[in-house]
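Trainee: All I have is the shape, not the residue letters:
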């Protein structure tokens, strides 16, 4: 990096992945620090399918106030406490470096221009905040050349969006709830890299747009405050499942991984239903996906797929590469080959699948009908890596905003 | 009753009501004795709307094997352990009377002919076993002229169908789980007679026929065995709610009664969803009814209605007579006046309601649409009395089966 001069534009660009939890984060013990009531665990999804691309830049030529442009739209940073918290944490770390080594350019004093774009359609209803804040933190950390590890940066990303801390790493990632009041031990760590169990695949069934129920930040606090079953989940159900699913991941034991994943999704949605007023994220299409997964597993005679649902009706179905035809192939046969989203990096193995591998008479016909009508697109993906540093900058060398 | 002779046909006929729980019975601690994991509480519904009519008769002229005819169809008693348990208990009590007073006719030795009819359509998807077993036990007890109180008979009816024990009484009825292994203290008792709070009304929204999920007997055992949240519900959530709702009933405090009713229904369905495999009884139409109830309460600014769902998608909505127009009237305006079931004994107050009392813009429009398409009929009813002895026998004086 060149020595600072009035016109220098410093830049760093990164991609960051989406992650989908198999042990769900739901409930904060501290809302401003985003400290969770329980640990969670997720699979980082391949950036060949879904990714956020973010360039962080700083320069003396920028207007004095930090700027953030998401998908082409300038955001009001000053009203986003979460973004402010991330940026202020990152600046402090940079300042410490600068204090220790006066030869470093004083980047911490320069205004930021951060430009970010998602490659996935907003209409897909995928939570983009995890990938977004992970990319923001990673890009600014790279810009500032911070020596902190992803584990240490996860403490910062967590303050942007809880689940963002899990998108700083690839593979299988645990977010330890921690116990300290200041949140210093509430961190994400890699349980296993993607290379440990690279065969994990996921198909996301995108449920046709529907007005969303309660936003998750609000919903989870309602659950903590009102559900009489939630405390049991946080105190005993999740800790047991965290231990068991980590072992299943180490052993590449899909059947156990799958059962825990499904049960934990159900448990999370049960505590939503038990909230007051009740919160419903799953609808009849979601329930049809649940039915289909159970029917496929029963028809095959072993557990080949597992559903999980976040705070919305979309189904994410995990399976292993070797069962692609029986799982994703059956879904393709049900939805029809013209359904949007089958093409892409994980499609090869399905190209020649035209008929269902699972006999359709072994699958609930009502569920099939509901899925046919209710699923507007799929996203075919798999386990993947953490953020990747790239040179596709969204800000030019002279500080202009570029289209990706 | 005439002295016994070879051709004498002894008869007794009773009606029995349906009851709808506000604290749900879900889970058995002993399956053969139908002993529940937790206490429950229900409102007995008026027999002017829904009732089972049952004649119990016995005679030496009948074939040797006991007979049971339900809605015109002969049942195989020998394969129904539950019916056998009820009849054998009732016969023992009769035998004790006969042993104590040898002048009594030996009815306990005569074959039974029991004929029963429901006045509600099977298609309505209403659980008929509670009213059915309550009527059977009450009719045979009357036939045998047993001195036992409804509380004592509830021990017998419970063995036919758990919730049947609550249909032996009118008004507001608690079924105490009891603690003894033999179930001798698992009994139903009246918390308050219908006359204490006669203004309670209920409208049942019958959801268009759909294949039912798991039958309740099987479902509740799955929940007990697999849900990691269920134990908390049974051990602490329900006992607290039982105490609170009994107080609310004593105080005729509808707002508290309503909130506990809704929360307990949600808690019950949450434990179903938390079962493995998960059990879903509520569907998108049910969820629309939940939304509507919350929207009406919000629009009115006080709690005027409460939903509850049994092991199926039908919504039962409780409200008070004085709020008939705002609750049932709004539902009538949404569903349209031609919806089947508005007519009947509780209709007068709604006759002139044509427009919604609650401005429809204050109600979720998607919920309204879903309800319009998904509700096939309603049943308008209210709190009512327990079984009533009547002379509309379904068996003639010469032992022939009659149509009601």
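Mentor: Thanks, I have it. These numbers come from a predicted model, not from an experiment. Residues are numbered from 1 along each chain as shown, chains lettered A, B, ... in the order given.
Trainee: Below-threshold pLDDT in the stretch 51-200 of chain A: ranges please.
Mentor: For the stretch 51-200 of chain A, the stretches flagged by pLDDT under 70 are A:122-125, A:127.
Trainee: and if we set it to 50?
Mentor: For the stretch 51-200 of chain A, applying pLDDT under 50 flags no range at all.
Trainee: Please enumerate the helices of it.
Mentor: Applying DSSP state H, counting those that start in this stretch to the stretch 51-200 of chain A gives helices spanning A:81-100, A:129-143, A:150-160.
Trainee: Please verify my assumption that residue A:298 contacts residue A:362.
Mentor: Yes: counting by C-beta atoms under 8 Å, residue A:298 touches residue A:362, with 7.3 Å between them. Placement of C-beta: from N, CA and C, glycine included.
Trainee: Which parts of the stretch 201-350 of chain A are helices?
Mentor: Under DSSP H, counting those that start in this stretch, the stretch 201-350 of chain A gives helices at A:216-226, A:230-232, A:238-250, A:254-273, A:284-300, A:324, A:330-335.
Trainee: number of nearby residues for residue A:100?
Mentor: Burial measure for residue A:100: 8 neighbouring residues, criterion other C-beta atoms under 10 Å in any protein chain shown.
Trainee: ok, now residue A:246?
Mentor: Using other C-beta under 10 Å, residue A:246 has 18 neighbouring residues.
Trainee: List the residues that contact it.
Mentor: A:41, A:174, A:191 (C-beta atoms under 8 Å, 6 or more residues apart in numbering or on different chains).
Trainee: how close does the spatially closest residue to residue A:399 that is not a sequence neighbour get to residue B:154?
Mentor: In this structure, residue A:399 finds its nearest non-sequential neighbour in residue A:9, 4.4 Å apart by C-beta to C-beta, 6 or more residues apart in numbering or on different chains. Distance, residue A:9 to residue B:154, using C-beta to C-beta, to the nearest Å: 82 Å.
Trainee: Compare those two and say which is more crowded by neighbours.
Mentor: The residue with more neighbours, out of residue A:9 and residue B:154, is residue B:154; 25 against 19, by other C-beta under 10 Å.
Trainee: Just name the most buried of the helices of the stretch 51-200 of chain A.
Mentor: Highest mean neighbour count among the helices of the stretch 51-200 of chain A (mean count of other C-beta atoms under 10 Å in any protein chain shown): helix A:129-143, with a mean of 28.
Trainee: just to revisit the earlier point, I'd like the helices of the stretch 201-350 of chain A as TSV, with mean pLDDT appended.
Mentor: Formatted as TSV, the helices of the stretch 201-350 of chain A follow (pLDDT from 0 to 100):
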stretch	mean pLDDT
helix A:216-226	94
helix A:230-232	97
helix A:238-250	98
helix A:254-273	98
helix A:284-300	97
helix A:324	95
helix A:330-335	94
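Trainee: Near chain B, which residues of the stretch 151-300 of chain A? Just list them.
Mentor: A:210-211, A:227-229, A:231-233, A:236-237, A:259, A:262-263, A:266-267, A:269-271, A:273-278, A:280, A:283-284, A:287, A:290, A:294 (C-beta under 8 Å from any C-beta of the partner chain).
Trainee: I would like the residues contacting stretch A:290-301, please.
Mentor: Defining contact as C-beta under 8 Å, 6+ apart, one finds that stretch A:290-301 is touched by A:262, A:282, A:303-307, A:315, A:317, A:323, A:326-327, A:330-331, A:334, A:358-359, A:362-364, A:367-368, A:371, B:277-278, B:280.
Trainee: Quick one: buried ones out of those?
Mentor: Among the contacts of stretch A:290-301, those classed as buried by 16 or more other C-beta atoms under 10 Å in any protein chain shown are A:262, A:282, A:303-307, A:315, A:317, A:323, A:326-327, A:330-331, A:334, A:358, A:363-364, A:367-368, A:371, B:277-278, B:280.
Trainee: Need the mean per-residue confidence for stretch A:313-322.
Mentor: In this model, stretch A:313-322 has a mean pLDDT of 97.
Trainee: let me redo that: stretch A:13-24
Mentor: Mean per-residue pLDDT for stretch A:13-24: 98.
Trainee: One more: stretch A:384-393?
Mentor: Taken as a whole, stretch A:384-393 has a mean pLDDT of 97.
Trainee: Now it: buried residues?
Mentor: Buried residues in stretch A:384-393, counted by 16+ other C-beta under 10 Å: A:384-388, A:393.
Trainee: so who does residue A:167 touch?
Mentor: Counting by C-beta under 8 Å, 6+ apart, residue A:167 touches A:16-19, A:44, A:130-131, A:133-135, A:157, A:386-387.
Trainee: so what's it closest to, chain neighbours aside?
Mentor: Nearest non-adjacent residue to residue A:167, counting by C-beta to C-beta, 6+ apart: residue A:134, 3.5 Å away.
Trainee: who are the neighbours in contact with that neighbour?
Mentor: Counted by C-beta under 8 Å, 6+ apart, residue A:134 has contacts A:16-17, A:52, A:157, A:164-165, A:167-168, A:387.
Trainee: Which single one of the residues you listed is nearest to residue B:198?
Mentor: Here the nearest of the contacts of residue A:134 to residue B:198, counting by C-beta to C-beta, is residue A:164; it sits at 57.0 Å.
Trainee: Pull the number of nearby residues for the closest one.
Mentor: Residues within reach of residue A:164, counting by other C-beta under 10 Å, total 31.
Trainee: what sits against it?
Mentor: With contact set as C-beta under 8 Å, 6+ apart, residue A:164 has these partners: A:129-134, A:137, A:157-158.
Trainee: gap between residue A:290 and residue A:26?
Mentor: The span separating residue A:290 from residue A:26 equals 18 Å under the rule C-beta to C-beta.
Trainee: So for these two, which sits in the more crowded spot?
Mentor: Neighbour count, other C-beta under 10 Å: between residue A:290 and residue A:26, residue A:26 has more, with 28 against 22.
Trainee: wait, is that one part of a strand?
Mentor: No: assessed with DSSP: H, G, I helix; E, B strand; the rest coil, residue A:26 is coil; it does not lie in a strand.
Trainee: Might you report the residue contacts of the nearest residue to it once chain neighbours are set aside?
Mentor: Counting by C-beta to C-beta, 6+ apart, residue A:26 lies nearest to residue A:220, which is 4.9 Å off, once chain neighbours are set aside. By C-beta under 8 Å, 6+ apart, the contact set of residue A:220 is A:26-28.
Trainee: Quick check: of those, which lies closest to residue A:145?
Mentor: Residue A:145 lies nearest to residue A:28 out of these, by C-beta to C-beta, at 32.0 Å.
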